[in-house]
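Novice: build me a structure from this.
(chains A and B)
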Amino acid sequence: DGGITQSPKYLFRKEGQNVTLSCEQNLNHDAMYWYRQDPGQGLRLIYYSQIVNDFQKGDIAEGYSVSREKKESFPLTVTSAQKNPTAFYLCASQPLGSYNEQFFGPGTRLTVL
Amino acid sequence: AQSVTQLDSHVSVSEGTPVLLRCNYSSSYSPSLFWYVQHPNKGLQLLLKYTSAATLVKGINGFEAEFKKSETSFHLTKPSAHMSDAAEYFCVVLSGGSNYKLTFGKGTLLTVNP
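Specialist: Take a look at the predicted model:
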């Protein structure tokens, strides 16, 4: 059963704590992405990686960090420097090549208490 | 630079009536365009995509969209709405200068009334 998994589905964090969101894919896709979704704003790109051990900042990278040690995994850490972290976070993967669509995971809803 | 405008933030239809969700785009290159659907607290699922082949694109669940270059539009339609179509829909453009940079519209919430 191929696809993208994200865990946990719901996550609660106290202010000042770092938290890591998991994203795993078994689609053998080279590229992976993290997006943040807020009501009425569509999706905004946080970080992306097109190859293992390499990643690039997206449009809203401040307060976030990532790693890409394995092709299958692209965890996102939300640090205490992110001032407004409460949001729905979506991970996606994509086979490299022209005009290929991205495949999305089910998302993680992060709430800061 | 590229952008996407979804002209309606909310569309409400009755079950069995046609659906029209409007999308206009701008792109410096020949674009690829996508429609995704998102049910509450779920990920996004691809409905259909346009990649410079046929201008009328058929997707899953009876949806289709027509690419109109002269109008810079890519509206999504369905002849007859089902209750299960109630969801949020996103129009997305992929720049021809990149194979990764997606620009999302702000979404249209579709409500289907019985």
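
Novice: low-confidence stretches in chain A?
Specialist: By pLDDT under 70, the weakly predicted segments of chain A are A:1-2, A:98-99.

Novice: nearest residue to the middle of it?
Specialist: Using CA atoms, centre = their mean, the residue of chain A that lies closest to the mean C-alpha position is A:Trp34, 2.9 Å off.

Novice: now do the same contact list for the nearest residue to B:Phe104 once chain neighbours are set aside.
Specialist: Spatial nearest neighbour of B:Phe104, chain neighbours left out: A:Gly42 (3.8 Å); criterion: CB to CB, 6 or more residues apart in numbering or on different chains. Every C-beta, even on glycine, is put in place using the N, C-alpha and C of the backbone. Counting by CB atoms under 8 Å, 6 or more residues apart in numbering or on different chains, A:Gly42 makes contact with B:Phe90, B:Phe104, B:Gly105, B:Lys106, B:Gly107.

Novice: tell me the contacts of A:Gln102?
Specialist: By CB under 8 Å, 6+ apart, the contact list for A:Gln102 reads A:Tyr33, A:Ala92, A:Ser93, A:Gln94, B:Leu102.

Novice: check which helix or strand covers the first one.
Specialist: When elements are defined using DSSP states H and E, A:Tyr33 is found to belong to strand A:31-37.

Novice: helices or strands next to that strand in the packing?
Specialist: Applying 3 or more CB pairs under 8 Å, 6 or more residues apart in numbering or on different chains; DSSP states H and E, we find strand A:31-37 packed against strand A:19-25, strand A:43-51, strand A:87-94.

Novice: which of those sits most buried?
Specialist: strand A:87-94 (a mean of 23; mean count of other CB atoms under 10 Å in any protein chain shown).

Novice: report the angle between the strand holding A:Tyr33 and strand A:19-25.
Specialist: Between strand A:31-37 and strand A:19-25, the angle comes out at 130 degrees (axes from the mean of the first three to the mean of the last three CA atoms, to 10 degrees).

Novice: neighbouring strands of strand A:31-37 in the sheet, and parallel or not?
Specialist: With DSSP bridges as the test, strand A:31-37 is paired with strand A:43-51 (antiparallel), strand A:87-94 (antiparallel).
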